[in-house]
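J.: Okay, predicted coordinates and the sequence, questions at the end:
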Amino acid sequence: MHQVASHPHDNSHHEHHFESTETVRDIVIGLSDGLTVPFALAAGLGAVASAHLVVVAGLAEIAAGSIAMGLGGYLAARGDAEHYASELQREQTEIVTRPEDEAAEIYEIFEKYEVSREAATPVLHALQQNPAAYVDFMMRFELGLEEPAANRAHRSALTIAISYIAGGFVPLFPYMILTANAEALKLSVAITLVALACFGAIKGRLVGTGALRSAIQTTLIGGAAAAAAYGLARMLNHA
């Protein structure tokens, strides 16, 4: 007698998706600019100035840049929070004062997913019985808005500023430990290009755009900025 081996369903399957959180985006913004801008500045000044001057100017730029970038992140996050609050209040008012219009919008949302009015009607009725869920549904699917995290603006500013500072010290470090300008410039270029490539690869892997492609793009952008600054400084110095 033959026995048929049964294969139970494997319920251990897990899908792994990267969610590009606000914190990760802030780190990417801060590090990318922190690596690129001070790198270009150090390369440009390194062509015509002493290592000491490069360090002083670089530290000043990192301080100013981190503050400016952090403030930009704060204002952007604050604007998102204010926009969300404004739209939330509007939706809360409209489900009470304009129920027919809101119902029509529900049907329009489901039509985009090829869900018939008959199938969507029970969902609409269920949402109408739960105003908080109704408003949340409209915020997400009509307006595409997610509620910002508490203290998002302050965390964004701090994350971007710290990331900028961390990235900015990479190209400056050789000028801090070496007195010979030429050697410091070579080491700065080498370690910064490696840092840009590593950063680009990690970013590409996280967001799913490909580690190699992202590494090449990031390195080329940072290298091009530094080369342009270096070339311009040399040209102006000999003019």
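T.: The structure has been received and is ready for your questions. Numbers count the residues shown, from 1 in each chain.

J.: what pLDDT, on average, does stretch 101-121 get?
T.: Averaging pLDDT along stretch 101-121 gives 86.

J.: Could you tell me the end-to-end distance of it?
T.: Using CA to CA, to the nearest Å, the end-to-end distance of stretch 101-121 comes to 14 Å.

J.: just how off-centre is that stretch within its chain?
T.: Relative to its chain's centre, stretch 101-121 lies at 33 Å (CA atoms, centre = their mean, to the nearest Å).

J.: neighbouring contacts of that stretch?
T.: With contact meaning CB atoms under 8 Å, 6 or more residues apart in numbering, stretch 101-121 is reached by 94-95, 123-124, 127-128, 134, 137-138, 141-142. Bear in mind the C-beta positions are built from the backbone N, C-alpha and C, glycine included.

J.: Mind picking the two most distant members of the residues you listed?
T.: Using CB to CB, the contacts of stretch 101-121 span at most 18.1 Å, a distance reached by Glu94 and Val123.

J.: coming back round to it: just the buried ones from the contacts of stretch 101-121, in PyMOL syntax?
T.: Only the buried members of these enter the following PyMOL selection, criterion being 16 or more other CB atoms under 10 Å:
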select buried, resi 95+124+127+134+137+138+141
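
J.: just the contacts of stretch 101-121 now: which is nearest Val189?
T.: Phe141 (49.0 Å).

J.: That closest one and Ile221: what is the separation?
T.: Per CB to CB, to the nearest Å, Phe141 is found 36 Å from Ile221.

J.: Same question for Glu105.
T.: According to CB to CB, Glu105 and Ile221 sit 42 Å apart.

J.: again with Asn151
T.: Taking CB to CB as the measure, Asn151 and Ile221 are separated by 32 Å.

J.: Of the two, which one has the most company?
T.: For Asn151 versus Ile221, neighbours defined as other CB atoms under 10 Å are more numerous around Ile221 (15 against 11).

J.: Run the chain-centre distance for stretch 127-147.
T.: Counting by CA atoms, centre = their mean, stretch 127-147 comes out at 26 Å from the chain centroid.

J.: What lies in contact with it?
T.: Residues outside stretch 127-147 that contact it (CB under 8 Å, 6+ apart): 83-84, 87-88, 91-92, 95, 99, 102-103, 105-106, 109.

J.: Cool, thanks, talk later.
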